[in-house]
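Peer 1: The sequence and its predicted three-dimensional model are supplied below.
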Amino acid sequence: MTRAKDISKILTDANISGTLDVTGETTLATHLNMGDNDTIKLGGSADLSIFHDGSNSHIVDSGTGNLNISATNFNVYNAGGTEQKIGATSDGAVDLYHDNSKKFETTSTGVTVTGNIANASGNLTLDVAGDIILDADGGDVKLSDNGTVYGELTNSSSYLVIKNPIQDQDVQIKGNDGGSEITALSLDMSDAGAASFNGNVTVSGGNLFVADHITHAGDNDTEIQFETNTINILAGSRNIFQGVSNEVIINQDGADVDFRVETAGVANFFHVDAGNDQVHIKTTDTVSNTTLRVEGTVKVSNGGQPTTGNHSQFVDNLANTYNTMFHNRSSNPLNHYILEIGFKESSPDNNGAIFIDMRDQTTARAQIFSDGDIDNHDNSYSGFSDEKLKEQIKDASSQWEDVKALTIRKFKFKTDVATGDSDAHWRLGVIAQEVEKSGMGGLVTTRNDIEEKDGVNTETGTTTKSVKYSILYMKAVKALQEAMARIETLEAKVTALENA
């Protein structure tokens with residue numbers, strides 16, 4: 001024992017050069033002082049070393065295994081022990097601090113970061129096996145560039161709001177179309193968020209709601225306007241179409257804008273000439289004093305079936321009523337015509353061309369020919385003669401002298417001769433002026449001559465006389481009765497003389 005104490009005394013201030021091999025434990029009562037770059041080496045191959053190089057302290061593990069630090073709780077502080085840097089708790093969190101303020105903490109579900117995550121250079125990549133969830137209790141997810149926020153995702157009463165907070169800066173949605181970048185949608189914030197689509201807008205399985213109007217991008221006065229129960233289509237600021245709840249109006253402004261409907265083979269199947277207030281079918285030619293002009297045949301049916309013939313038709317299958325009626329409602333029609341039937345480019349004047357052909361299912365019943373002749377099946381011509389229609393009925397006076405005064409002439413009409421003189425043109429009748437001179441002016445009618453042009457009748461300043469042959473025939477019948485009475489009287493006198 002005395003020897004051990006003596007050795008301890010000897011080694012109190014000893015300097016040993018070389019290697020000190022110690023078998024067993026070495027206990028230091030105070031400190032182990034080592035100089036700069038002096039190393040504590042641990043391990044069979046000095047795999048773990050601890051040293052101070054004069055500026056920095058080092059723990060170096062150069063072995064093949066791990067450097068393990070085992071502790072119930074593990075904390076790292078500053079040199080003065082006043083600021084924590086790292087904290088690790090068994091079965092709990094691992095914390096990282098900045099200036100004694102915790103910034104990063106592991107949790108049972110992940111990590112909690114206090115403050116910002118900054119990347120001085122390069123990209124920040126988040127590569128996860130599941131989803132990336134951004135949970136902002138403040139309600140905003142902001143995108144910024146060098147401190148300037150240019151985009152925000154905001155929770156507004158559980159609505160997702162996408163916003164660019166920079167004044168008048170647009171919001172765009174872009175993509176790659178066949179290798180080229182395109183702007184599919186642009187929202188112009190300097191124009192109240194006006195939306196511009198690069199291509200078509202397709203709405204499937206729902207409705208497209210427009211509050212006011214749709215305007216053409218390059219032509220602001222061409223648009224579709226929406227109002228309550230009303231839609232307007234404008235072109236060049238003119239309202240060319242208006243649809244309301246109870247009617248559809250074409251050219252609502254009343255401007256000089258035509259309207260037409262095309263078919264596969266006709267460019268102007270239906271045409272409205274706004275400037276001339278006319279409607280055309282299969283033509284655009286304008287004719288004055290015309291409301292409706294149809295180029296081609298017109299077939300109107302009311303239950304009946306028109307034929308396939310290339311001529312206009314009015315057909316019905318009604319009974320005990322009228323097929324067609326032409327009325328004039330003027331209180332003073334003067335020289336108005338109800339109906340004119342004529343050959344406008346020729347004067348056939350024969351029995352081949354017919355003005356009116358009246359027939360039933362089996363045969364022709366009456367015909368009016370182009371020369372004015374009238375034929376009827378029963379050879380019957382009549383006038384109203386019922387006694388109930390007449391009053392002041394009395395015997396007619398003698399017509400002997402009137403008929404005797406008539407001059408019966410043979411003549412030709414100038415219009416007939418103008419087409420080529422022929423014996424077929426000879427007529428038998430009277431001359432109106434001679435009838436007047438004979439004292440029977442009541443049989444003569446004088447009418448003003450009319451010239452028709454485009455459906456308008458104009459007086460020429462001349463007159464034409466006609467004779468009421470039907471009355472003349474009755475005068476002739478009366479005169480014949482008188483002649484028969486005279487003949488019967490003479491016959492009685494002759495018989496009396498023969499028997500005397």
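Peer 2: In hand now; what should we look at?
Peer 1: can we go C-alpha only for contacts and neighbour counts from here?
Peer 2: Noted.
Peer 1: can you map out the helices along the stretch 301-450 of the chain?
Peer 2: 400-405, 414-418, 432-437 (DSSP state H, counting those that start in this stretch).
Peer 1: Among those, which comes closest to Gln313?
Peer 2: helix 414-418 (32.2 Å; C-alpha to C-alpha).
Peer 1: And that closest one, what's buried?
Peer 2: Using 16 or more other C-alpha atoms under 10 Å as the test for burial, helix 414-418 gives Asp416.
Peer 1: what secondary structure does the closest residue to His336 other than its chain neighbours sit in?
Peer 2: The shortest distance from His336 to any non-neighbouring residue, by C-alpha to C-alpha, 6 or more residues apart in numbering, is to Asn457 (7.8 Å). Secondary structure, DSSP: H, G, I helix; E, B strand; the rest coil: Asn457 is strand.
Peer 1: Bridged to Asn457, which residues?
Peer 2: Asn457 forms beta bridges with Glu452, as assigned by DSSP bridges.
Peer 1: just Ile231 next, same as before
Peer 2: Counting by DSSP bridges, the residues bridging with Ile231 are Phe226, Gly243.
Peer 1: Would you agree it is in contact with Gln225?
Peer 2: Yes. The pair Ile231 and Gln225 qualifies as a contact (C-alpha atoms under 8 Å) at a distance of 5.8 Å.
Peer 1: quick one on the thing from earlier: would you tell me which of the helices of the stretch 301-450 of the chain gets closest to Leu497?
Peer 2: So among these, helix 400-405 is nearest, using C-alpha to C-alpha, at 27.0 Å.
Peer 1: just how off-centre is that closest one within its chain?
Peer 2: Here helix 400-405 is found 81 Å from its chain centre; the criterion is C-alpha atoms, centre = their mean, to the nearest Å.
Peer 1: Relative to Arg409, how far out is the closest residue to Arg359 other than its chain neighbours?
Peer 2: Excluding the flanking residues, the one nearest Arg359 by C-alpha to C-alpha, 6+ apart is Arg365, at 4.9 Å. According to C-alpha to C-alpha, to the nearest Å, Arg365 and Arg409 sit 32 Å apart.
Peer 1: again, but for Thr286
Peer 2: 49 Å.
Peer 1: Could I get the CA-only coordinates of stretch 259-276 as PDB?
Peer 2: Only the C-alpha atoms of stretch 259-276 are listed here, as PDB (Å, rounded to 0.1, in the frame of the first residue of the first chain):
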ATOM      1  CA  PHE A 259     -84.400  37.800 -94.600                       C
ATOM      2  CA  ARG A 260     -84.100  34.600 -96.600                       C
ATOM      3  CA  VAL A 261     -84.300  30.800 -96.200                       C
ATOM      4  CA  GLU A 262     -82.200  28.500 -98.300                       C
ATOM      5  CA  THR A 263     -83.000  24.900 -99.300                       C
ATOM      6  CA  ALA A 264     -80.600  22.300-100.800                       C
ATOM      7  CA  GLY A 265     -81.300  23.500-104.300                       C
ATOM      8  CA  VAL A 266     -82.700  27.100-104.000                       C
ATOM      9  CA  ALA A 267     -80.700  29.900-102.500                       C
ATOM     10  CA  ASN A 268     -83.700  32.200-102.000                       C
ATOM     11  CA  PHE A 269     -86.600  29.700-101.400                       C
ATOM     12  CA  PHE A 270     -88.100  32.300 -99.000                       C
ATOM     13  CA  HIS A 271     -87.000  35.900 -99.200                       C
ATOM     14  CA  VAL A 272     -88.300  39.000 -97.400                       C
ATOM     15  CA  ASP A 273     -87.300  42.300 -99.200                       C
ATOM     16  CA  ALA A 274     -87.300  44.700 -96.300                       C
ATOM     17  CA  GLY A 275     -86.500  47.800 -98.400                       C
ATOM     18  CA  ASN A 276     -89.500  47.200-100.700                       C
END
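Peer 1: Flag every buried residue along it.
Peer 2: Arg260, Asn268, Phe269, Phe270, His271, Val272, Asp273.
Peer 1: rewinding a little: looking at Arg365 and Arg409, which has the bigger crowd around it?
Peer 2: Legend: neighbour count by other C-alpha atoms under 10 Å for Arg365 and Arg409, higher for Arg365 (14 against 11).
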